[in-house]
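Novice: here is a sequence with its predicted model. Questions after.
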Amino acid sequence: MKTCLIVDDSSMIRKFLRTSLESLDFAVREATNGQEAIARCEESMPDVIVLDWHMPVMTGIEFVKLLRQGGHADQPKVVFCSTENDLDHIRTAIEAGADEYVMKPFDRETLHMKLQLVGVA
Amino acid sequence: MQISETSKRILADLLRSQTGQDFPPNRRWRVGTALSGLCREHGIANLDSLIAKLGMSQRSAQAHTLVEALLNNETYFFRDRAMFDLLAGRVLPDLAEARASTKSVRIWSVGCSSGQEALSLAMLFAEQESRWAGWTIDIVGTDVSTSVVEAARSACYTQFQIQRGLAVGQMVKWFEETPQGWRAKEKLRRMVRFEKHNLLDPPPNPAHFDIVLCRNVLLYFDDVTRARAFERLAAVLAPDGWLLLGAGETSLGQSDRIVPDRDLRGFHRLATSARAQRTADLPRRAAG
Ligand SMILES: C[S@@+](CC[C@H](N)C(=O)[O-])C[C@H]1O[C@@H](n2cnc3c(N)ncnc32)[C@H](O)[C@@H]1O
């Protein structure tokens, strides 16, 4: 079973993502900001991280930069999931190390296709 | 929502005459949802009244809006990605060799809907830039529905459409943000063109294609119509060309002229006899 870490400060979005990902056979864990996500990753590295942009304490961009600089051998795939839907933001996320980008709002099928594209579904 | 027998007959006749499609009972359940937009637009609450008004209209454009509302236009970028991988990795390299003297490739996307399939193909060529430099790549997309052909011509996609099946890297590379949506860049647009066309009618120009995609279209036809459609497709395929059907579709038991490729899943080729006949036809075409 593949593992996924959901990082989003909105409990509603975490719930939607959890339901979608569990139906796609992922074992899911959650974090509400970048700093918590680091802690979860230290416990064990997931196969994929679904990551929001704007969060208190540590943003998604700050988190993904740290993750990629961290030099872990087992780098997870990172799928950004954000309401920042313009090219500049998307480019910034890719440059910081994101593998895919989902613009909110989105449905389960779109998420599934993106997870297939990064090779975890 | 129930509709009367008369309404069913009107819809079935319209669908058959304009698209060749069947209207079996298992398609009728979604009529209410499919026509709700038109009901609102015309300020008519009752489905039977709407169907009578538009279906009986002397203006065929009005009747066409009924047909369009019933068609399933579901599509997305790189649908059945495995097929596109085979195209890029196996078929296009072969084709580049086979057409090296003319440097021209012609592709027909039949039942192209809003154009994602044609643009996915254009991306394959654009991403193999060095192989295709100096070539003419002509990708014709056709569909029986006017509204999707117009959408395809605009090459603009909503946020929902653009992220279905398309990798973010491809989106950033091949599309630009416009007030109308995510628009395919000129480099892709110049490889594709779109026309309204019923695949049961004589084929669009140039009536001779190296690759034909007819995916998720034939399943709406009855056996007789589907056999006719296969005849149409076989008649325009280059002797060494490929026909691609949808993931769950096959020509087996439906056509003598088209057979599944032994190696490539979802790919079909002309049967040996049909190939010989097409080859014999070609010099005449060239002379004419
Ligand atoms: C389900 S979509 C498939 C789109 C695309 N080929 C794909 O696989 O993603 C089927 C399309 O076929 C079109 N279609 C149906 N009957 C047709 C006909 N007789 N001639 C041309 N197009 C037709 C419909 O309008 C619709 O856009």
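Specialist: Received it, and whenever you're ready, just let me know what you need.
Novice: in which helix or strand does the closest residue to residue B:98 other than its chain neighbours reside?
Specialist: With CB to CB, 6 or more residues apart in numbering or on different chains as the criterion, residue B:98 has its nearest non-adjacent residue at 6.0 Å, and that residue is residue B:240. (C-beta placed from N, C-alpha, C; glycine too.) Element membership for residue B:240 (DSSP states H and E) is strand B:237-245.
Novice: what packs against that strand?
Specialist: Contact partners of strand B:237-245 among helices and strands, from 3 or more CB pairs under 8 Å, 6 or more residues apart in numbering or on different chains; DSSP states H and E: strand B:209-214, strand B:267-270, helix B:272-287.
Novice: could you say which helix or strand holds residue B:65?
Specialist: With DSSP H and E as criterion, residue B:65 is part of helix B:60-70.
Novice: dump the residue contacts of residue 121.
Specialist: The chain I'm using is chain A. Residue A:121 makes contacts with A:2, A:24, A:112, A:115, as judged by CB atoms under 8 Å, 6 or more residues apart in numbering or on different chains.
Novice: that's the other chain; I wanted chain B
Specialist: Counting by CB under 8 Å, 6+ apart, residue B:121 touches B:87, B:107, B:109, B:139, B:191-192, B:213.
Novice: and the helix or strand just after the strand holding residue B:240, how far from the chain's centre?
Specialist: The helix or strand immediately downstream of strand B:237-245 is strand B:258-260, counting by DSSP H and E. Between the mean C-alpha point of strand B:258-260 and the mean C-alpha point of its chain there is a distance of 19 Å (CA atoms, centre = their mean, to the nearest Å).
Novice: mind listing residues that contact strand B:258-260?
Specialist: Contacts of strand B:258-260 with the rest of the structure, by CB under 8 Å, 6+ apart, involve B:230, B:233-234, B:237, B:243, B:250-252, B:267-271, B:274.
Novice: element containing residue 94?
Specialist: Since you didn't name a chain, this refers to chain A. For residue A:94, the element it lies in under DSSP H and E is helix A:87-96.
Novice: please refer instead to chain B.
Specialist: Element membership for residue B:94 (DSSP H and E) is helix B:92-98.
Novice: for that helix, packing partners?
Specialist: In this structure, helix B:92-98 packs against helix B:129-132, with contacts taken as 3+ CB pairs under 8 Å, 6+ apart.
Novice: and the closest residue to chain A within the stretch 151-288 of chain B, how many neighbours does it have?
Specialist: In the stretch 151-288 of chain B, the residue that lies nearest chain A is residue B:168 (4.2 Å; CB to the nearest CB). Around residue B:168 there are 24 other residues, counting by other CB atoms under 10 Å in any protein chain shown.
Novice: near the ligand, which residues of the stretch 151-288 of chain B?
Specialist: Taking CB under 6 Å from any ligand atom as the criterion, the neighbours of the ligand within the stretch 151-288 of chain B are B:198-200, B:215-217, B:246.
Novice: mind putting those into TSV with secondary structure and neighbour count?
Specialist: Shown next, in TSV, are those (DSSP: H, G, I helix; E, B strand; the rest coil; neighbours: other CB atoms under 10 Å in any protein chain shown):
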residue	secondary structure	neighbour count
B:198	coil	15
B:199	coil	24
B:200	coil	14
B:215	coil	23
B:216	coil	20
B:217	coil	23
B:246	coil	18
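Novice: need the contact list for the closest residue to chain B within chain A.
Specialist: When you check chain A against chain B by CB to the nearest CB, the closest residue turns out to be residue A:101, at 4.2 Å. Remark: with contacts taken as CB under 8 Å, 6+ apart, residue A:101 is in contact with A:79-80, A:82, A:90, A:93-94, B:168.
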